[in-house]
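Asker: Kindly return the folded structure for what I paste below:
(chains A, B and C)
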Amino acid sequence: MINEHLPALQVVVPLLAAPICFMIFNNRLSWLFATLVSWLSFAMAILLVMEVRDGTVLHYEFGGWAPPWGIEYKVDILNSYVLLIVTAIAAAVFPYSWKSIQKEIPKSHHRIYLTAMLLCLAGLLGMTITGDAFNLFVLLEISSLSSYTLISLGRDRRALTASFQYLIMGTIGATFILIGIGLLYALTGTLNMADLASRIPALEGSRTLQAAFAFLILGFGLKLAMFPLHLWLPNAYAYAPSAVSAFIGATATKVAIYALLRFLYTIFGSSFSFDYMQVQWLLMPLAIASILFASMVAIFQDGIKRLLAYSSVAQIGYILLGISLVNVTGLTASLLHMFNHALMKGGLFLALGAIAYRVGSTQVKSIAGIGQAMPYTMAAFVVGALSLIGVPLTVGFISKWYLILATLEKGYWPLTVLIIISSLMAVVYTWRIIETAYFQERPAGAAPVTEAPMSLLIPTWIVIFANLYFGINSSLSTDLASRAAIILSGGSLL
Amino acid sequence: MMTLELYNYWVVIFLMMAGFYMLIASNHLIRKIIGLNIFQTSVFMLYISLGKVAGGTAPIAAEGIDTYSNPLPHVLILTAIVVGISTTSLALALVIRIKESYDTVNEDEILEIDRIADEEGSSA
Amino acid sequence: MMGLMPVDLIILALCIPLFTAVGIYLAGNSPNVREGITLGGSLLLFLTIVALTPHILDGERPSFELIEILPGLKLSFTVEPLGMIFALVAATLWPINSLYSIGYMRSNNERKQTRFYIFFAIALSSVMAIAFAGNLLTLFVFYEVLTLSTYPLVTHAGTEKARNAGRVYLGILISTSIGLLLPAIIWVWYLAGTTDFTAGGILTGHISGPLLTVLAALFIFGIGKAAVMPTHRWLPAAMVAPTPVSALLHAVAVVKAGVFSVVKVVAYIFGLDLLITAPGIEWLLYIACFTVVAASIIALQQDNLKKRLAYSTISQLSYVVMGALILAPLSLIGASLHIAVHAFGKITLFFAAGSIYTASKKTNISQLNGIGRRMPWTMAAFSIGALSMIALPPAAGFLSKWYLLLGASQQQQYIAMAVIVMSTLLNAAYFVPIIYAAFLKPEDPDQLIEHKRDHKEAPLPMVIALTITAAATLLIFIFPGLALELAQAVGVPV
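Answerer: So this is what the prediction gives:
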């Protein structure tokens, strides 16, 4: 049965497709092939979600070696949910890529782009699905190396330095993770996550365990751009090609957050992480700082991509804030925001890519007056911006609603105020863009602009429509998120 | 006694700090990459020394030998070395491209060039 | 139309303005068809609302649910007497205002008229949705839609001045609603598990003491459209809009949506009996009292006619807030009546201001000497509107003030009573001199503006419109039955 092998195929298909994609010598065929692979991945993720939705856990033993000796892939509600996020964004970005890279990447590099995208996708999916700690490191590096390559493909030469900076920071992070995993192995003699989880409670007082914990938090903190380890992110997002910003901006940090959650809850266990190590008191101040600081910086950005990148740092702050509240509602809010933020940032970056395609620049001042010339693109941008602010009927509202409820449940009302204030800051930084596009005249002498081509508009609008759909009918996303949160916190679905 | 017995960890920590220092303190991109390599190598050493069992030999079934070193960390680190090589080669490729477009590999100079370009861009 | 069920009528009332907007868009190229559609749509809406009225008088409370966003959080609509009053006022004045707009927009050769009529229709649709909102969330959503859809109307002129005014307009309305109103709504939901409007309130037993006052303050200041000081600045700013916008939106629809929301929250979320136990609640009343007096004093100093009317509106709006916060059933009737009564009076005044501008291009009060002889209809209507503001019989303003005074004396709120009396005098002080100058002072030849030396009355559609509203102001005083019957049913369980 093909169904049995789904967990493996989910990773193997894009992984094998990557070299094939490079070997197809026709750019267009190569792109068609990559797009089909991304859709296939999406379909597989949907199938997986349907299988595990009721709480069953799928195990897949690689090469038939039983865990803890072999590598095990394991799918439960939480990671099937993350798989869904990653593949959904991929399924929109790949078809979008064709037009977008025509103007942003030289023809000779198109296949490199597609290959790196597929590798990145495979790495992210593998990180999500694997049940083996070392395997997670390897796949993390696959996705990271391919994303360094992707970022360096940007038009501006600063893409090179941004990529180099990200490479240094990312490798430090990954090496920290490697140290953490090594220390865990030294303590327990196993790398299987479930096995680790069963052996760690007995070691609570061990200094080595605490060191491993610290290294892992720091390593994942770097990868997910936790304040003040976020410095690589704004440049990386700002100078990458538009389609890359959309894909990485929507998925990479989410998968790093997933891995953090996996370590905090499943491997170390919530009693060690939150009662013994009290990590929430580290996460909460950092989350608050990143929300306030990054929103403030976003207000003063002249480049829209940079602005959205800083906004991403702030949104990651929301996700960490939800985790640091240590209750089921907070965790649900974080998981929901992983999904919702992927949709809103994905949609915004895609719309921005369409603007870049026609206008040639993504500076705020260069989009003056394009509201009339590109009505559908700008309308998509406006919906995405509303979602970012958290207006009702968009997904942004749903996750903020849960986050605010979680703060109220804990009685931390100053945090409620913080969330509201940062939403207002989001109004300020998105309104600048909207006002410039709609209510300023196109500067005299500027080249005329027309609506973006359909092949950019359709994927953009599909993601934007998802922002509205899951904002109005949120039962699918909230259901999955709350089930995953309950299971992570050690509860039972019954 | 304990301190000396665990000398392998001291080596690891020294290498790690040396590499990390070089990575942060140097403005020269190539030196940064060298620092990164030393930093990664220290972790490889950590794994390899973890696998050593006192008195054990290589894990090959042979007569008269019943203590083996743990081969798993060694295998793992083979993978990590491959990852490290890929990272280094990608970093070097980036440095070549940076050298081509900026004509320098000094981080401060690159930032200065970008800053001047920004000012010209905004005044134009 | 009589054969339709009440629920169908609600849906029709929400959809007709939207279809009208679509029709206007399609007919954008032929002004006559476009204006025909506006008039037809507005008349159809009027008939729909009229058909709905008897059902509400009979004690029916038709209701329907659109979608459920989160468990217990849905978009739903319920018609009750207060919403009926508001809808009736808006639906009655829309056709009249459309007639007036046609005269105004054509005579003044305004730009982008199609856009103007489209957003006008969308604004009306959201007004209907606010009037019929079944819970706080629905109210909030359409409150924001109203803000956003009126923004292009405020900045219609497209000048730098208009854009700056638009920024003030959005800045205050959005920041108060997201910063204060939304947290208040979430708080209510958190306490009561619902935000449905229920006669007698939903918060009894869930909250008491000083927190109750804090919650009430969040609502009063969060509903920035009610223009209680210090959130009033947006209203004078909005006066840069064409006069029909100022007339229907910023004297009726938008501002009434604000005070309507205040009354609705007091009567259907808190309930009078609960709110009266809140310590220090009288301070909110005093702030409303202060707004009444302070806005009147500022109005006295304005020479620009529309600015003076705007400050007069701020003052009159706070009557309604006062009426709600006196917390007596009689004053609640007064507040509900005042929503209707002030609407007819103030729209008459704005119509007059617009027709003076159209006929003579005059905007300042100091230029109006002797204009009554050139424009007798306009100035007669202006006088009736002014009488209603001052609250002298036989104008309708007398009715609502009477109930407000009765309620205040019942609750022994002597400060409120003093404020009502004082403000009556101030109203007289800023309206009577205009009427005196218009009819009795000799015309000043230097004040006649170039090319407009021999102006007569304004175009016929405008004169018809302002005559109708002036007549209505008198008729409500003579036949107050319908308005009074609805007002008496506000907040009373069926």
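
Asker: Helix or strand: which one has C:Phe64?
Answerer: Secondary-structure assignment from DSSP states H and E places C:Phe64 in strand C:63-70.

Asker: list the buried ones in that strand?
Answerer: With burial defined by 16 or more other Cβ atoms under 10 Å in any protein chain shown, the residues of strand C:63-70 counted as buried are C:63, C:69-70. Backbone N, C-alpha and C define where each C-beta goes, glycine included.

Asker: So which other helices or strands are in contact with it?
Answerer: Here strand C:63-70 touches helix A:395-410, helix A:454-472, helix C:6-26, strand C:73-78, going by 3 or more Cβ pairs under 8 Å, 6 or more residues apart in numbering or on different chains; DSSP states H and E.

Asker: Mind doing that once more with 10 Å?
Answerer: Contacts defined by 3 or more Cβ pairs under 10 Å, 6 or more residues apart in numbering or on different chains; DSSP states H and E place strand C:63-70 against helix A:395-410, helix A:454-472, helix A:475-488, helix C:6-26, strand C:73-78, helix C:136-154.

Asker: Redo these as TSV? Include distance to chain B and mean pLDDT.
Answerer: As requested, those are exported to TSV (distance: least, Cβ to the nearest Cβ, whole Å; pLDDT from 0 to 100):
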stretch	distance to chain B	mean pLDDT
helix A:395-410	32	91
helix A:454-472	26	92
helix A:475-488	27	88
helix C:6-26	40	88
strand C:73-78	46	86
helix C:136-154	30	90
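
Asker: For A:Val255, which of those is the nearest?
Answerer: A:Val255 lies closest to helix A:475-488 among the helices and strands packed on strand C:63-70, at 14.6 Å (Cβ to Cβ).

Asker: For chain A, just list every one of the strands.
Answerer: Under the criterion DSSP state E, chain A contains strands at A:58-61, A:72-75.

Asker: mind putting these in a markdown table, distance to chain B and mean pLDDT included?
Answerer: Below are the strands of chain A laid out as a markdown table (distance: least, Cβ to the nearest Cβ, whole Å; pLDDT from 0 to 100):
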| stretch | distance to chain B | mean pLDDT |
| --- | --- | --- |
| strand A:58-61 | 17 | 88 |
| strand A:72-75 | 15 | 90 |
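
Asker: got a markdown table for the ones you listed, with distance to chain C too?
Answerer: Converted to a markdown table, the strands of chain A look like this (distance: least, Cβ to the nearest Cβ, whole Å):
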| stretch | distance to chain C |
| --- | --- |
| strand A:58-61 | 29 |
| strand A:72-75 | 27 |
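
Asker: if you compare those, which one is most tucked away?
Answerer: Looking across the strands of chain A with neighbours counted as mean count of other Cβ atoms under 10 Å in any protein chain shown, the highest average goes to strand A:72-75: a mean of 23.

Asker: what is the mean pLDDT for the top helix by length along chain C?
Answerer: Criterion DSSP state H: the longest helix present in chain C is helix C:329-360. Mean pLDDT, helix C:329-360: 88.

Asker: helices or strands up against the helix or strand following that helix?
Answerer: The helix or strand immediately downstream of helix C:329-360 is helix C:371-374, counting by DSSP H and E. If contacts are counted by 3+ Cβ pairs under 10 Å, 6+ apart, helix C:371-374 sits against helix C:329-360, helix C:376-390, helix C:414-440.

Asker: Can you pull out the low-pLDDT segments for chain B?
Answerer: B:1-4, B:121-124 (pLDDT under 70).

Asker: right, I mislabeled it, should have said chain A
Answerer: A:1-2, A:492-494.

Asker: one step back: can you redo the strands of chain A as CSV with distance to A:Glu51?
Answerer: Formatted as CSV, the strands of chain A follow (distance: least, Cβ to Cβ, whole Å):
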stretch, distance to A:Glu51
strand A:58-61, 6
strand A:72-75, 8
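
Asker: now the helix or strand containing C:Thr313: mean pLDDT?
Answerer: Counting by DSSP H and E, the element that carries C:Thr313 is helix C:305-325. Helix C:305-325 carries an average pLDDT of 89.

Asker: and it, C-alpha only, in PDB?
Answerer: These are the backbone C-alpha positions of helix C:305-325, laid out as PDB (Å, rounded to 0.1, in the frame of the first residue of the first chain):
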ATOM      1  CA  LEU C 305     -20.300  77.500   8.900                       C
ATOM      2  CA  LYS C 306     -19.600  73.800   8.500                       C
ATOM      3  CA  LYS C 307     -17.100  73.800  11.300                       C
ATOM      4  CA  ARG C 308     -19.700  75.500  13.600                       C
ATOM      5  CA  LEU C 309     -22.200  72.800  12.600                       C
ATOM      6  CA  ALA C 310     -19.500  70.100  13.300                       C
ATOM      7  CA  TYR C 311     -18.900  71.300  16.900                       C
ATOM      8  CA  SER C 312     -22.600  71.700  17.400                       C
ATOM      9  CA  THR C 313     -22.900  68.000  16.300                       C
ATOM     10  CA  ILE C 314     -20.200  67.000  18.900                       C
ATOM     11  CA  SER C 315     -22.200  68.800  21.600                       C
ATOM     12  CA  GLN C 316     -25.500  67.200  20.500                       C
ATOM     13  CA  LEU C 317     -24.000  63.700  20.300                       C
ATOM     14  CA  SER C 318     -23.000  64.000  23.900                       C
ATOM     15  CA  TYR C 319     -26.600  64.600  24.800                       C
ATOM     16  CA  VAL C 320     -27.300  61.000  23.700                       C
ATOM     17  CA  VAL C 321     -24.300  59.800  25.700                       C
ATOM     18  CA  MET C 322     -25.600  61.700  28.600                       C
ATOM     19  CA  GLY C 323     -29.000  60.200  28.100                       C
ATOM     20  CA  ALA C 324     -27.500  56.800  28.300                       C
ATOM     21  CA  LEU C 325     -25.400  57.500  31.300                       C
END
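
Asker: longest helix of chain B?
Answerer: helix B:72-102.

Asker: Check which residues of it are buried.
Answerer: B:72-74, B:76-77, B:80, B:83-84, B:87-88, B:90-91, B:94-95, B:97-98, B:102.

Asker: How far away from the center of its chain is that helix?
Answerer: 9 Å (Cα atoms, centre = their mean, to the nearest Å).

Asker: Quick check, the residue in the stretch 201-350 of chain A closest to chain C?
Answerer: Among the residues of the stretch 201-350 of chain A, A:Leu336 lies closest to chain C, at 10.5 Å counting by Cβ to the nearest Cβ.

Asker: So which residues of chain B form helices?
Answerer: Using DSSP H, helices in chain B cover B:2-5, B:7-25, B:29-51, B:72-102, B:107-123.

Asker: okay, the ones you listed in CSV with distance to A:Trp431 next?
Answerer: Output for the helices of chain B, formatted as CSV (distance: least, Cβ to Cβ, whole Å):
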stretch, distance to A:Trp431
helix B:2-5, 62
helix B:7-25, 39
helix B:29-51, 40
helix B:72-102, 36
helix B:107-123, 22
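
Asker: Quick check, A:His230 in contact with A:Gln315.
Answerer: No: in this structure, A:His230 is not within contact of A:Gln315 by Cβ atoms under 10 Å, at 11.5 Å.
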